[in-house]
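*Asks:* Quick one, structure for this:
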Amino acid sequence: MMKLLLKILCAPVIALLCIFVWLCSGLLYCTAWVFGIISALIGILGIAVLATYSPKNGIILLVIAFLVSPVGIPMAAAWLLGIIQQIRFAIQDRVYQ
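*Replies:* As a prediction, the model looks like this:
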């Protein structure tokens, strides 16, 4: 009886986590290519500034381009999304076994 009650209580949590991961994955997919284009433009600008104007400002722009690129902050968001999905699977395996 308690196991059934636990399954009923955890079902909405698992469903919400599933929907959250699904929405965030779609959002991350859509923003990845936008951030890729923006990071390429900032990178080109950073190289131009580095070569012509100020090395300090050029390095700052290159660091910003790296953070905005798909291997920067979006990769950290994908990692966190993976952690949330692992939590959902852990709850699901623990409750429904």
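*Asks:* can you pull the buried residues of the host helix or strand of residue 56?
*Replies:* Residue 56 belongs to helix 55-68 when elements are defined using DSSP states H and E. Using 16 or more other CB atoms under 10 Å as the test for burial, helix 55-68 gives 58, 61-62, 64-65, 68. Where C-beta positions appear, they are placed from N, C-alpha and C, glycine not excepted.
*Asks:* Give me the contacts around that helix.
*Replies:* Helix 55-68 is contacted from outside by 35, 38-40, 42-43, 45-51, 72-73, using CB atoms under 8 Å, 6 or more residues apart in numbering.
*Asks:* Adding distance to residue 92 and pLDDT, write the buried residues of helix 55-68 out as a markdown table.
*Replies:* Converted to a markdown table, the buried residues of helix 55-68 look like this (distance: CB to CB, whole Å; pLDDT from 0 to 100):
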| residue | distance to residue 92 | pLDDT |
| --- | --- | --- |
| 58 | 49 | 90 |
| 61 | 44 | 91 |
| 62 | 43 | 92 |
| 64 | 39 | 92 |
| 65 | 39 | 92 |
| 68 | 34 | 88 |
